[in-house]
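Enquirer: Let me see the structure of the following:
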Amino acid sequence: MTTLTLDLPAVRNRGGGRSHAYAILSPSIAVLIFFFALPMGLMVGVSFADVASGTATLAHYQRFFTDGLSLAGVYRTALMSLLVALSVTALGYPVAYFLARSSGPARTLVFALALAPELAGVVLRTYGWLIILEDRGFINDALISLGLIGEPLHLSKNLFAVVVGLTHVVLPFGILSMMTSIQGIDPNLERAGQMLGASRLAVIRHIVMPLSVPGIVSSLLISFTMAASAYATPALLGGAGFKVLATMISEQVLFHINWPFAAVMANALLLMMLAVSYAGIRFETRRRAILAGREGGLS
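Expert: Residues are numbered from 1 along each chain as shown. Alright, predicted model coming up:
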């Protein structure tokens, strides 16, 4: 028997692939540096500035942590964003599952309805909810005319109205993120569960939802960050008494002309969103590591 031996030259890696990757990423990196990192660095510097003397000071941070109003704004922002994130994920998951598993005209119609809010501006949608939720709005007028209530319910100018309005604004983004995750799950797993006697709800609870955790986490993070940085909806639906960091920053810039203190609030808002994003990423990383360990143990 004759044996053939192929003597192929060794492939030399001279770093061309890495330099090619850097060349491709360089435009994006430049955009991030000039339009994100540099402005954020300038804002951090402004937060330490003393306008009167032109020197650095910690007085603005001391005021932020001691005046009580700023910390209340942080708490109100975090609570509002958390409620919006939970509402978007809970309401959007059934729609995302339907879009991921259906086809035909029904899917097209539901998909169009899910994205329809994005066709109108945020201010227009917020004014629509203001008309619906105000004291003499559609809901209160309907309930009074039916004799169910004797006086209008306070549905606007509070946390409830802001959460409702922001949920409407952010819901399409949560649906899309969860739909993409569910589409990556093999439908045969659901069929196998049903063939073994599990109901549709049991299959969704024990098979689909655990496998779609990345989409759920993504929906929570997107909803939280978008709600925390929203300005128009809290300003219009929350009223003058509902202060979140975004509206407080606007007041410091436009009315009090206090840029350093506004920069302190902006830094606090940025740190809040970074902390939540980091926690979500760490959770997903640990979950994947645990699943990989289980698969390795079974093999």
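Enquirer: Pull the number of nearby residues for the closest residue to residue 137 other than its chain neighbours.
Expert: Counting by CB to CB, 6 or more residues apart in numbering, residue 137 lies nearest to residue 131, which is 5.6 Å off, once chain neighbours are set aside. Just so you know, the C-beta spots here come from the backbone N, C-alpha and C atoms, and that holds for glycine as well. By the measure other CB atoms under 10 Å, the count of residues near residue 131 is 12.
Enquirer: and residue 131, what element?
Expert: Take DSSP states H and E as the rule and residue 131 turns out to sit in helix 122-133.
Enquirer: Downstream of that helix, the next helix or strand is which one?
Expert: helix 138-145.
Enquirer: Hmm, residue 267 is touching residue 42, no?
Expert: No: Residue 267 is beyond contact range of residue 42, at 11.5 Å (criterion: CB atoms under 8 Å).
Enquirer: what about the two, which has more around it?
Expert: Between residue 267 and residue 42, residue 267 has the larger neighbour count (other CB under 10 Å), namely 18 against 11.
Enquirer: Do I have it right that residue 276 meets residue 222?
Expert: No: with contact defined as CB under 8 Å, residue 276 does not reach residue 222; the gap is 10.8 Å.
Enquirer: what's the burial count for the residue lying closest to residue 193 once chain neighbours are set aside?
Expert: Excluding the flanking residues, the one nearest residue 193 by CB to CB, 6+ apart is residue 203, at 4.2 Å. Counted with other CB under 10 Å, the neighbours of residue 203 add up to 18.
Enquirer: Ok, residue 95 next?
Expert: Counted with other CB under 10 Å, residues neighbouring residue 95 total 19.
Enquirer: what's the answer for residue 18, then?
Expert: 10.
Enquirer: A helix includes it, no?
Expert: Yes: checked against DSSP: H, G, I helix; E, B strand; the rest coil, residue 18 lies within a helix.
Enquirer: show me what contacts it?
Expert: Contact analysis of residue 18 by CB atoms under 8 Å, 6 or more residues apart in numbering lists nothing.
Enquirer: In what element of secondary structure is residue 218 found?
Expert: Counting by DSSP H and E, the element that carries residue 218 is helix 213-228.
Enquirer: now do residue 114
Expert: Assigned by DSSP H and E, residue 114 falls in helix 105-115.
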